[in-house]
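Engineer: Sequence and computational prediction follow.
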Amino acid sequence: MCFAKTVTLKRTLSAPRFKPPKMQFCGNTSWRSKWLVALAANTLLLILCTNSSGEDWPHPRGPGFDGVFTNASIALPWPTNGLPLLWERPIGQGFSGLAVQAGRIFTQAQSLGGQEVISLSLETGEVLWRTRHAIPWEVDGLYPGPYGTPAVDSGRVFVGDCYGTIQCFDAQKGTRLWTFDAVRKLNPAGVDFGYAATPLVLDGQVFAPSPAGDSKTTAFSLEAATGRLLWSSGTNFPSYASFLPIQVQGQRQLVLLLRNGISAFDPKTGAELWHDEWTHGYDEHATWPVYREPFLLCSSAFKRGSRLYRLSIEAGRPRAELIWQEKVLSNDVFSSVLVDGFVYGFDLLSSQAEYHGRTRGSLKCLEFMTGQVRWTNQEMAHCSVSIVGKHLLLLDDAGRLAVANPDPAGYRELASMSLPARGKYWTAPVVVGNRLLVRSRDTVACYGLGGSETAVAASGPAPAPGLSLMDWMQKHRSPAFTAPTLQVLTEWYAGSLVVMGLAMMVGRKHLAAGLVAAFVLGLAGTFGLTMVCGRFVFTVPVSLCAAFCLLLLGGLKTTGRPWHGWVFLLAFIGLCLGYYSFCTRYYLLAGWGFLTGFPFALPPGILLVKRCRDPAGWLGIILGWATISAFYWGASIVILKRTG
């Protein structure tokens, strides 16, 4: 089980030198006095914001970066009807976590108007300010942004939006202080599924991984006061994880999980101190490692398990020795915690966290030094794990909240309750004093953990229940969304033939009317046939094919008015972009393949628009079927070839 593998220093990078600007005073005594008064006021504000009361939570993993609430406790037993709700505040979409400092809560959310950083009152849930900083990300998708949690330091709030921009805001007023566009400045290929990292603020610097689009640079550092780039470093693909600061024999290292491995950096120079490659090809990591000097435990998604390293510095060279590697604990979006030599975390057995339905996996306890599993429990669904005082605090993504003893002898639950159905609870709860803060996809809520709290009415209207398009897609989601079989494609084809035949019959006198009917019925047929058949039936390809035929009709029938053809072409391009966006937002990956069907539909499509004058006749129906058949099976061959 134990084997040795040593990773040594790869390279040394030099950081760009910089000098702080010199402050010069003029001879105007009045101006100097005013400046000193302003400096004193700002200093007082800075002290108030930076002196933690012991109840602050300025980072998603807390002041110790370990998920441990040292100055909090949970009063037991809980009331029979659960913890009292003190307030509830709908804020908008997103899976950003919560940071707390000086009686203020900071998080991110979005609406159709854009992504925002938001400050709430810890006492009442009142919105103190909200500042828009980016356009929305996946508004109608299963995983709407923002994802990254704010970090709070020295009266400033640091956030990363889904497009890879790091921004700094005044914690009191919400005014933007500076912006650093990592995509534009560092020139990566993109942000893949959205930038999700939380900035790390230490010693006047902001540290963040580069956007996950390519390996041109792995990470970078900014000056916290100005946002000026201090260094960028590394040539390995970053992922969705954030930096973990650790100490190794007195040396500060910044550890970062990457797409295919792990690296450690020198915070001052950006030098990559050591790196270990784990996998090749696409992979991802989004959690924090667990560290107890000199041992570092890293857990991977995709059922790849965990690794334990022993870190050291020998002859001035940082080293990382692999102690054990086992498929015993795979974290995806929730990190594990360490208590008295034992690790508690959720072992994911699904390939990734599932939005619809229950994610397969189990809560586990294992020995930190050996990886031996002490117990496994499946009472909790996919859950976050925190340490509050002497207890484990668990919140699964279905909203079940529980308290248990951190006992390696077995799982023993002490209290539990169910939170309101508000979508997935994919952010870990925060305990501040005797208050418990939880964030669902759309809402922040505050519960009393014991004491003199009194339950109050919810602040603002709760998200209205109802079946949205996203809910409908989740309900009928199946493996066919990503890899439809030949049988499934044949069923969809049969439905498409029915829709095309009906459309050509509906448009009795004009071909254009028949094609418009095909476009509308192709959209409606997906919902209608799915309800009738009891499983997902995709007839939207009929709409794409009909739009393509309308383009041909517009191009061939606009003699003397060539600008009409351009209008049809631009409308068609917009439709294809909208369809692509739809498939992306709802993770209907197989749907992308139908965009390749247009060349196959070109010959029968031209025959349809040239020869057919009466779509209600047999010629119209036959040519309509021929066009959709060529379009459909041409694209299906591409889909089957790509999905194996």
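Structural biologist: Alright, I've got the coordinates.
Engineer: contacts and neighbour counts: CA atoms only from here.
Structural biologist: OK.
Engineer: Nearest residue to the middle of this protein?
Structural biologist: Centroid check for the chain by C-alpha atoms, centre = their mean gives Tyr147 as the closest residue, at 4.3 Å.
Engineer: And that residue, how far from Gly433?
Structural biologist: Relative to Gly433, Tyr147 is positioned 26 Å away (C-alpha to C-alpha, to the nearest Å).
Engineer: tell me the contacts of Arg310?
Structural biologist: Counting by C-alpha atoms under 8 Å, 6 or more residues apart in numbering, Arg310 makes contact with Pro294, Phe295, Leu296, Ala320, Glu321, Leu322, Ile323.
Engineer: What is the burial count for the first one?
Structural biologist: Other residues lying near Pro294 total 14 when counted by other C-alpha atoms under 10 Å.
Engineer: Might one say that it is in contact with Val248?
Structural biologist: Yes. Counting by C-alpha atoms under 8 Å, Pro294 does reach Val248; the two are 6.4 Å apart.
Engineer: Between these two, which contacts overlap?
Structural biologist: Joint contacts of Pro294 and Val248 (C-alpha under 8 Å, 6+ apart) are Leu311, Ser312.
Engineer: wait, doesn't Gly620 sit right on Leu608?
Structural biologist: Yes. Using C-alpha under 8 Å, Gly620 is in contact with Leu608, at 7.0 Å.
Engineer: Going by neighbour count, list what's buried in stretch 169-177.
Structural biologist: Phe169, Asp170, Ala171, Gly174, Arg176 (16 or more other C-alpha atoms under 10 Å).
Engineer: so which two of those residues are the farthest from each other?
Structural biologist: Ala171 and Arg176 (9.6 Å; C-alpha to C-alpha).
Engineer: possible to save the buried residues of stretch 169-177 as a markdown table with secondary structure and distance to Ala415?
Structural biologist: Converted to a markdown table, those look like this (DSSP: H, G, I helix; E, B strand; the rest coil; distance: C-alpha to C-alpha, whole Å):
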| residue | secondary structure | distance to Ala415 |
| --- | --- | --- |
| Phe169 | strand | 39 |
| Asp170 | strand | 39 |
| Ala171 | coil | 36 |
| Gly174 | coil | 38 |
| Arg176 | strand | 43 |
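Engineer: Out of these, which is nearest to Phe265?
Structural biologist: Phe169 (26.5 Å).
Engineer: residues contacting that closest one?
Structural biologist: Arg156, Val157, Phe158, Thr175, Arg176, Leu177, Trp178.
Engineer: could you list every residue that touches the first one?
Structural biologist: Going back to what we said before, that points to Arg156. Cys168, Phe169, Asp170, Ala171.
Engineer: can you pull the buried residues of the longest helix along the chain?
Structural biologist: Of all the segments of type helix in the chain, defined by DSSP state H, the longest one is helix 618-643. Going by neighbour count (16+ other C-alpha under 10 Å), the buried part of helix 618-643 is 620-621, 623-636, 639-640.
Engineer: Domains of this protein: list them as residue ranges, please.
Structural biologist: 55-460, 472-643 (automatic domain parsing).
Engineer: Next, format those as TSV and append mean pLDDT.
Structural biologist: Converted to TSV, those look like this (pLDDT from 0 to 100):
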stretch	mean pLDDT
domain 55-460	91
domain 472-643	83
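Engineer: Alright, that wraps it up for me.
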